[in-house]
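Q: mind looking at a prediction? Sequence and model below.
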Amino acid sequence: QHSFESKLWLDLYSIKTQDTLVWMIQFPYKAATFFGCIGTDKFGEILKRKTEEAHVDAHYYEQSEEPTGTCAACITSDNRSLIANLAAANCYKKEKHLDVEKNWKLVEKAKVYYIAGFFLTVSPESIMKVATQASANNKIFTLNLSAPFISQFYKDQLMEVMPYVDILFGNETVRAFWKCPCFNTVLACKMIWVTDLGCRFWATTRCQ
């Protein structure tokens, strides 16, 4: 038998990255802006409050059809298992949020863009709009592969955005993406200076 301690905590994926950026920049606050989708519920209010406390300039698309996404995590020693209820995270609508003038102006003001690969499963058209904006204005566009299933089951969406990626993030497990035979040739063609944005980088993260 095992005894488990139950806790509630905040895990915001991309927001964690931006929280780190805010910490690095120090001042001015709210130098990082976040877009995402939540429900009109308790967990949505928690997200809004916590991003405010972290000085992240969050602009959520709020809808009432699905609740705010949640995730249960079982952590044992150095290992973890996750069960996610994506819910509202799958409900982001480009035409109802990204295309709204006041929101798009925030995108235009940005100098660096970071998008999690998970978002390829939700709104690839939103990713492409931001990617082409970055390309047209000589700004830095970065993408995190997020999980192996992204490259396995969302190959077409991923390959469409790859020519615009300046920095590609992924951990050692996700890096198996490069070993997939179906990507070897087409990926090489996509990544060889398809645009004139400059150097391309791969950043591998390691967790101990």
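A: Arrived safely.
Q: please enumerate the strands of this structure.
A: 33-39, 57-63, 70-76, 79-85, 112-116, 140-144, 167-171, 201-205 (DSSP state E).
Q: Lys93: which of those is closest?
A: strand 57-63 (6.5 Å; CB to CB). Where you see a C-beta, it was placed from the backbone N, CA and C, and this is true even at glycine.
Q: what's the pLDDT at the residue positioned nearest the centre of the chain?
A: Nearest to the geometric centre of the chain sits Ala116, at 2.1 Å (CA atoms, centre = their mean). Note on Ala116: pLDDT of 91.
Q: quick one: it from Glu95, how far?
A: 21 Å (CB to CB, to the nearest Å).
Q: number of nearby residues for the closest residue to Lys139 other than its chain neighbours?
A: Nearest non-adjacent residue to Lys139, counting by CB to CB, 6 or more residues apart in numbering: Lys111, 5.7 Å away. By other CB atoms under 10 Å, 9 other residues sit near Lys111.
Q: pretty sure Lys111 sits against Ile140.
A: Yes. Between Lys111 and Ile140 there is a contact under CB atoms under 8 Å: 7.0 Å.
Q: thinking again about what came up before, okay, the residue nearest to the centre of the chain and Gly36: tell me how far apart.
A: Taking CB to CB, one finds Ala116 at 10 Å from Gly36.
Q: circling back to that earlier point, make a markdown table from the strands of the chain and add distance to Lys48 to it.
A: Shown next, in a markdown table, are the strands of the chain (distance: least, CB to CB, whole Å):
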| stretch | distance to Lys48 |
| --- | --- |
| strand 33-39 | 8 |
| strand 57-63 | 7 |
| strand 70-76 | 15 |
| strand 79-85 | 19 |
| strand 112-116 | 19 |
| strand 140-144 | 23 |
| strand 167-171 | 26 |
| strand 201-205 | 28 |
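Q: select, out of those, the one closest to Lys102.
A: That would be strand 57-63 among these, by CB to CB, at 8.5 Å.
Q: same question for the closest one, mean pLDDT?
A: For strand 57-63, the per-residue pLDDT averages 95.
Q: and what of stretch 129-142?
A: Stretch 129-142 comes out at a mean pLDDT of 96.
Q: show me what contacts the residue nearest to Phe34 when sequence neighbours are not counted?
A: Distances taken as CB to CB, 6+ apart put Ala58 closest to Phe34, at 4.6 Å, once the chain neighbours are dropped. Neighbouring residues of Ala58 by CB atoms under 8 Å, 6 or more residues apart in numbering: Ile15, Thr33, Phe34, Phe35, Gly36, Leu47, Lys48, Thr51, Glu52.
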